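From the sequence below, what's the structure:
(one chain, ligands or ions: 2)
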Amino acid sequence: MRTTTTGPLRVLDTTLREGEQFAQAHFTTEDRLRLARALDAFGVDEIELPSPAVSPAAAADVAAVLGLGLRAAVRVHLRCSPADVEAALACGARGVNLFLGASPALGAHSLRESPRERRDRVRTAVALAAQAGAFVRFSAEDAFRTPRRDLLQLCDVAVEAGAQRLGVPDTVGTATPEAVAATVGALRRRYPGISQEFHGHNDTGCAVANAVAAWRAGADCLDVTVLGIGERVGITSLGGLMARLYTFDPGLVARYHLERLPALDATVAALVGVAVPFNQPLTGPHAFTHVAGVHSNAVLRAPHTYEAVDPAVVGRRRVVSVTSRLTGRHAVAHFATELLGRPVDAEEARAATAALKATAERRRIGPDAAADIVRAALGAAPGA
Ligand code: HCA
Ligand code: CU
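Ligands and ions are numbered 1, 2, ... in the order given. Sure, this is the predicted structure:
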């Protein structure tokens, strides 16, 4: 399936910024440098780091990542405050991602500033960074719960002050793909020539769909994190976005090193103390395991029958499971053939299938137990 949209696309990875806001995250300087290198090797186009104003150590880390000389552009995430901008410039940052609460809720309860004060803040911070020659993105936090008029007023100020990119984050993850497309489309028409970024939280499970809706409506930069880690349940995952784009058209993601994704996901999972989630696209432990007999039978003949992406694309292998009572004789014949190193006939396949199903009906078994059952059913020596 080809998509009708083939606009330019950059992937901004914010594992080191948004990802640090995941409740279980704690990165050391060494972790940050290792991750920055791994993200660069994967091929993400941009890497976002926390504000150097967070602490002297955060500033030192920004300088260290800049010192790696990565191919990816490095952006620092800043509040709209002159002190943040100055700290970023002092570290040598050439790209600043400014953000400011745009919605009535954040204006009243987070910033506690009037709309006018907020516009002044945006103008000052954007102008300061732009005049210093930095690439400036301005992001209207909570954009999808912000009245359109307020959103455009803030964006107008940012663009006039020199912002080259506008961001519309779905900060609480409540936007629908339709709402995302409408807002991104409106900004596209109002600010031709200005880049647009989308950052979507996954509180309602729509983060990948919303990111793609933003891209199709004209956004040219999509935010992700490895595994989707971030505040609460996180944001669009790198792997989810890759799977989505790959199935539109492999050419869209040809420049990324997808074969590095399993190691990247595993690295971040280990750093934050979680397993790679069972439902993680492309890298979940069972992402390419087929269980039901009906599925296995078809997959063994033609994998695309039940696979969105060939596992080889991410350097993985397909698994045809025989450990469920739902297994079938084609799957078992395949398993037994590999196990015994010789073809099995129809009668043997039937016998092994019956034995496996009978045991799996009673208890949960793994591949080793399945191998023992097949050997016993076919009279093969253990370990054969
Ligand atoms: C935050 C909020 C943010 C900002 C996104 C952006 C969001 O944690 O600071 O700068 O575009 O989700 O709104 O991550
Ligand atoms: Cu966020």
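
pLDDT weak spots in this protein?
1-6, 383-384 (pLDDT under 70).

domains of it?
Per automatic domain parsing, the structural domains of the chain span 10-261, 289-377.

Show me how far the longest one is from its chain's centre.
Relative to its chain's centre, domain 10-261 lies at 13 Å (C-alpha atoms, centre = their mean, to the nearest Å).

Could you work out the end-to-end span of it for me?
Using C-alpha to C-alpha, to the nearest Å, the gap from the first to the last residue of domain 10-261 comes to 17 Å.

And for the shortest one?
The first and last residues of domain 289-377 sit 24 Å apart, counting by C-alpha to C-alpha.

who touches the residue of the stretch 251-384 of the chain found nearest ligand 1 in this structure?
Going by C-beta to the nearest ligand atom, ligand 1 is nearest to Val272 of the stretch 251-384 of the chain, at 16.6 Å. No exception for glycine: its C-beta is placed from N, CA and C like everyone else's. Counting by C-beta atoms under 8 Å, 6 or more residues apart in numbering, Val272 touches Gly19, Phe22, Gln24, Ala25, His26, Ile229.

Among those, which pair sits farthest apart?
His26 and Ile229 (11.9 Å; C-beta to C-beta).

Looking at those two, which one has more neighbours?
The residue with more neighbours, out of His26 and Ile229, is Ile229; 25 against 10, by other C-beta atoms under 10 Å.

And the more buried one, how far from Ala25?
According to C-beta to C-beta, to the nearest Å, Ile229 stands 7 Å off from Ala25.

Common neighbours of those two, please.
Gly19, Val272.

Could you give me the buried positions within the helix or strand encompassing Arg34?
Using DSSP states H and E, Arg34 falls within helix 29-42. Buried residues in helix 29-42, counted by 16 or more other C-beta atoms under 10 Å: Asp31, Arg32, Leu33, Leu35, Ala36, Ala38, Leu39, Asp40, Phe42.

For the second one, give me its contacts.
Translated: Arg32. When contacts are counted by C-beta under 8 Å, 6+ apart, Arg32 touches Leu16, Leu49, Asp61, Ala64, Val65.

neighbours around the closest residue to Met242 other than its chain neighbours, how many?
Of all residues not flanking Met242 in the chain, Val253 sits nearest, at 5.5 Å (C-beta to C-beta, 6 or more residues apart in numbering). Using other C-beta under 10 Å, Val253 has 21 other residues around it.

from what I can see Val253 touches Tyr246, true?
Yes: counting by C-beta atoms under 8 Å, Tyr246 is a contact partner of Val253 at 5.2 Å.

for Glu141, phi and psi?
Per-residue torsions, Glu141: phi -60, psi 140 (degrees, to the nearest 10).

Doesn't Leu245 belong to a helix?
Yes: Leu245 forms part of a helix when assessed by DSSP: H, G, I helix; E, B strand; the rest coil.

For the nearest residue to it once chain neighbours are set aside, grab phi and psi.
Distance criterion C-beta to C-beta, 6+ apart; nearest residue to Leu245, sequence neighbours excluded, is Leu252 at 4.5 Å. Taking degrees, to the nearest 10, you get phi -60, psi -30 for the backbone angles of Leu252.

Could you pick out the residues of the stretch 201-350 of the chain near ligand 1 for me?
Residues of the stretch 201-350 of the chain lying close to ligand 1 by C-beta under 6 Å from any ligand atom are His201, Glu231.

Go again with 8 Å.
Contact residues (C-beta under 8 Å from any ligand atom) of the stretch 201-350 of the chain with ligand 1: His201, Asp223, Gly230, Glu231, Ile235.
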